[in-house]
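*Asks:* Take this sequence and fold it.
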Amino acid sequence: HPTAVGKVFLAYMSEEDFEYIIRERGLKKFTENTITNVEKLKEELKEIRANGYAFDDQEVRLGVRRIAAPIFDHSKKIAGVICIAGPTFRMRREREEGLGRMVKQAAREISNELGWERLENKT
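*Replies:* Residues are numbered from 1 along each chain as shown. Sure, this is the predicted structure:
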């Protein structure tokens, strides 16, 4: 749950699957930045769906930030996730939005190759 990739998967799964994972695995704390409150995590997952990308601000390892975006297939299901990671001195918070847009765009291009765009254009 604390990685950007993990958050993307959690954000796009069913509520039932989310509840099962939280019940079985819990919200283990890795650093002082790790989200350990279910309601706070749900709020962040809502933001991820709205923004189209996830951000991990040193939640697993201090000094490392990650940004990830979902790759969708022709059936609108997650086929994978694209992620960038780097040290905090390179991936500063003020760059999050710009980097997030770039990661989201890369994920969208891959999704389009998997048939996602064609389906989106029909609806």
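*Asks:* now the helices for this structure?
*Replies:* 4-11, 15-25, 38-51, 96-113, 116-122 (DSSP state H).
*Asks:* What's the local residue count around D17?
*Replies:* D17 has 12 neighbouring residues, counting by other CB atoms under 10 Å. Using the backbone N, CA and C atoms, a C-beta is placed for each residue, glycine as well.
*Asks:* now do S75
*Replies:* Around S75 there are 10 other residues, counting by other CB under 10 Å.
*Asks:* Next one: it relative to E117, how far apart?
*Replies:* Distance of S75 to E117, computed by CB to CB, to the nearest Å: 13 Å.
*Asks:* Equivalent analysis for L45, please.
*Replies:* L45 is 24 Å from E117, where distance means CB to CB.
*Asks:* which of those two has more neighbours?
*Replies:* L45 (20 against 15).
*Asks:* which residues touch that one?
*Replies:* 7, 10-11, 18 (CB atoms under 8 Å, 6 or more residues apart in numbering).
*Asks:* So for stretch 11-21, mean pLDDT?
*Replies:* For stretch 11-21, mean pLDDT is 95.
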